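Undergrad: Return atomic coordinates for the entry below.
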Amino acid sequence: MKLLLERAGDEPEILVKLMEDAMWDQWARTGGIAPMGRLGEAAVALSTVQYLGIPGWAEDLERYQDLLENLLATSAMATSPPHPATVPDSPLDSGCPAR
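TA: Numbering: from 1, shown residues only. Now for the predicted structure:
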């Protein structure tokens with residue numbers, strides 16, 4: 001979540017997709033985004049235990065985590081440099097004389 005929120009400035013559609021999901025209200029907005037460290041981990045654990053009593057919540061959380069991972073992978077692919085094998089060779093690299 002943290003990485004996606006950091007990238008949302010450059011890619012505002014990330015935040016739109018996150019906020020469109022019902023899990024945004026249940027997990028991020030209502031539960032708050034937990035701080036780093038033991039207190040944050042305890043807050044997430046307590047929130048998770050609380051919500052596990054709601055039928056279907058675990059499946060919704062799994063689906064939302066898949067959404068987060070897909071958005072992160074898509075965003076990472078868009079911001080990472082291309083693999084060297086996909087970059088066309090320049091005429092200087094191939095030994096052809098430059099025009």
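
Undergrad: doesn't residue 15 make contact with residue 5?
TA: Yes - with contacts counted by C-beta atoms under 8 Å, residue 5 reaches residue 15, the gap being 7.4 Å. Backbone N, C-alpha and C define where each C-beta goes, glycine included.

Undergrad: Settle it for me: which of those two has more neighbours?
TA: Neighbours per residue (other C-beta atoms under 10 Å) separate residue 5 from residue 15, with residue 15 holding more: 16 against 13.

Undergrad: pretty sure that one is touching residue 9, no?
TA: No - with contact defined as C-beta under 8 Å, residue 15 does not reach residue 9; the gap is 9.1 Å.

Undergrad: After the helix or strand of the chain with the lowest mean pLDDT, which helix or strand is next?
TA: Least confident helix or strand of the chain, by mean pLDDT, DSSP states H and E, is helix 38-51 with a mean of 77. Sequence-wise, the next helix or strand downstream of helix 38-51 (DSSP states H and E) is helix 57-79.

Undergrad: tell me what that following helix is packed against?
TA: Packing partners of helix 57-79 (3 or more C-beta pairs under 8 Å, 6 or more residues apart in numbering; DSSP states H and E): helix 2-7, helix 12-20, helix 22-23, helix 38-51.

Undergrad: Buried ones in it, by neighbour count?
TA: For helix 57-79, the neighbour count (16 or more other C-beta atoms under 10 Å) marks 57, 60-61, 64, 67-68, 71, 75 as buried.

Undergrad: can you tell me how far residue 7 sits from residue 55?
TA: Distance, residue 7 to residue 55, by C-beta to C-beta, to the nearest Å: 33 Å.

Undergrad: ugh, typo on my part, it should be residue 3
TA: Between residue 3 and residue 55 the distance is 31 Å, computed by C-beta to C-beta.

Undergrad: okay, those two: which has more neighbours?
TA: With neighbours defined as other C-beta under 10 Å, residue 3 and residue 55 compare such that residue 3 has more, 13 against 7.

Undergrad: and residue 46, how far is that from residue 8?
TA: Distance from residue 46 to residue 8, by C-beta to C-beta: 27 Å.

Undergrad: And residue 66, by the same measure?
TA: Computed as C-beta to C-beta, the residue 66 to residue 8 distance reads 19 Å.

Undergrad: All set, thanks.
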